[in-house]
Each structure stands twice: as C-alpha cells, then as structure tokens.
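Trainee: sequence and predicted structure are below.
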Amino acid sequence: RKEVEQDPGPFNVPEGATVAFNCTYSNSASQSFFWYRQDCRKEPKLLMSVYSSGNEDGRFTAQLNRASQYISLLIRDSKLSDSATYLCVVPGGSYIPTFGRGTSLIVHP
Amino acid sequence: EPEVTQTPSHQVTQMGQEVILRCVPISNHLYFYWYRQILGQKVEFLVSFYNNEISEKSEIFDDQFSVERPDGSNFTLKIRSTKLEDSAMYFCASSEQVSTFNEQFFGPGTRLTVL
C-alpha cells in the first residue's frame, strides 16, 4: 500500500452539496493527521488537524478511523470558494510529513 | 500577520547551472524546511534545519542540494548543477517548534524552471 493515498477526483459538486473525501495511510504508528487546502499554484494551507477520533470546524468535519487506517474530510454546504485541492498529510518518523497527492474539488453554481 | 516570504517567485535557468532559492522565515521561528512539488505531483519533504544544521533530509536531498542560513534572516536552498527534473515548485516553511507538523507555515513558493 502507498504511504498516503487519496482519490485524485475531481469531485464536481453543486453549491450547497455535501462532499466527503477519504485518505488511507499505511503507517499504523501515526498519531496525528492533517488536512491542507492548496489552491492552484499556491502554497498548502492548514485546514484541520486530527489527533483523536475527529475534529469539527464549521462546515468542515474530519474523522479518523484507526482500525481501517483512514481519515475523512466532510464539507457541508459547499461554497464556490471551496474549490481547491485537499491534501492529506501524515507525519512519519522524526516529524517528516508524507503528503497525499490531493483530491481536487470543483464546486459549480 | 507574520508570514514566510520567498524570492524569486519564478526562476528560469539552464541545465547545469547553479541556483539559489531564498526564504525569509517568520522572525521568531527556529525550525526551517524545504519542500518541492513537481507539477501535478504531491508535495515532497526535502530537508529540515535547526540550530545551523540539517535535522532530517529525504532521499531526494542528495549532494546536489545544500541549505544555509547565511545571516539572521535568510534561509537558502542551493542546487549545484540543475537537471531538467529539478523543475518544480519549491516551498519553504518555518515553525516555532518541531514537535507538531501543523505549526509549520509555508511560504508562497518559488517556481523553478530548468531548460
């Protein structure tokens, strides 16, 4: 299994829709997980951290399933401005992070 | 709000030339990082730097690469003899502590094009 795997998409959804992405990881020792947002040709920006079972911030909910080794990101009431690539990041040993290739989200009117 | 800055925003060079990418981390941060992202690919860790020495480096960070903190503000990445496959976006990041990845702040990146 690849270290961090994401469905590349694109996920094409209408405004107001709920969309969910999954990310699977191979390092069972990982304790923390992160979702970053990356706009085209821009730097990654932290969206959410996940340390235990999950985290919620407004329209965004991240959940962790340790048994199956995946984390998910749920976006409710999608906005046009949510269009971006969502990166799953799993720090490995010595804090070296492994990034997924990202899931592309396109929210259309 | 403090931010990481990088210069230049775009660097074009000929294969075999040396390039130096510059970063100014956030002023009270002590840990510095370089990442690269080849177009359409994932972000890849290159190196971390603390107390004037490399803390960790990936397999990508071979002898062609070096990092330096030449003064109290700049953090540089040098590629000695560029190859076509070095074309990528290079992101600098900094953090106050090393313990949690989410405390890293990324700069806007330098797009390197090797011809």
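Mentor: Cool, the structure landed.
Trainee: may I see the buried residues of the host helix or strand of A:Leu64?
Mentor: Using DSSP states H and E, A:Leu64 maps to strand A:60-65. The neighbour-count check on strand A:60-65 (16 or more other CB atoms under 10 Å in any protein chain shown) flags A:60-64 as buried. Using the backbone N, CA and C atoms, a C-beta is placed for each residue, glycine as well.
Trainee: and stretch A:56-75, by the same measure?
Mentor: A:60-64, A:69-73, A:75.
Trainee: next one: stretch B:46-56
Mentor: Buried residues in stretch B:46-56, counting neighbours by 16+ other CB under 10 Å, are found at B:46-49, B:55-56.
Trainee: partner residues bridging the residue nearest the centre of chain B?
Mentor: Nearest to the geometric centre of chain B sits B:Trp34, at 3.1 Å (CA atoms, centre = their mean). Beta-bridge pairing of B:Trp34 under DSSP bridges involves B:Val47, B:Cys92.
Trainee: tell me the contacts of it?
Mentor: B:21, B:23, B:46-47, B:67, B:77, B:90-93 (CB atoms under 8 Å, 6 or more residues apart in numbering or on different chains).
Trainee: same question for B:Glu44.
Mentor: A:99, B:35-38, B:58, B:60.
Trainee: what's the answer for B:Ile79, then?
Mentor: Neighbouring residues of B:Ile79 by CB under 8 Å, 6+ apart: B:18-19, B:21, B:64-65, B:86, B:112.
Trainee: find the nearest non-adjacent residue to A:Glu43, please.
Mentor: B:Phe106 (4.0 Å; CB to CB, 6 or more residues apart in numbering or on different chains).
Trainee: distance of the one you found from A:Ala67?
Mentor: To A:Ala67, B:Phe106 is 32 Å away according to CB to CB, to the nearest Å.
Trainee: would you map the strands across chain B?
Mentor: Using DSSP state E, the strands found in chain B span residues B:5-7, B:10-13, B:19-24, B:31-37, B:43-50, B:53-57, B:65-68, B:75-79, B:88-95, B:105-106, B:110-114.
Trainee: how about those strands in JSON lines, adding distance to A:Ser52?
Mentor: Shown next, in JSON lines, are the strands of chain B (distance: least, CB to CB, whole Å):
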{"stretch": "strand B:5-7", "distance to A:Ser52": "34"}
{"stretch": "strand B:10-13", "distance to A:Ser52": "41"}
{"stretch": "strand B:19-24", "distance to A:Ser52": "34"}
{"stretch": "strand B:31-37", "distance to A:Ser52": "25"}
{"stretch": "strand B:43-50", "distance to A:Ser52": "25"}
{"stretch": "strand B:53-57", "distance to A:Ser52": "26"}
{"stretch": "strand B:65-68", "distance to A:Ser52": "35"}
{"stretch": "strand B:75-79", "distance to A:Ser52": "34"}
{"stretch": "strand B:88-95", "distance to A:Ser52": "22"}
{"stretch": "strand B:105-106", "distance to A:Ser52": "24"}
{"stretch": "strand B:110-114", "distance to A:Ser52": "37"}
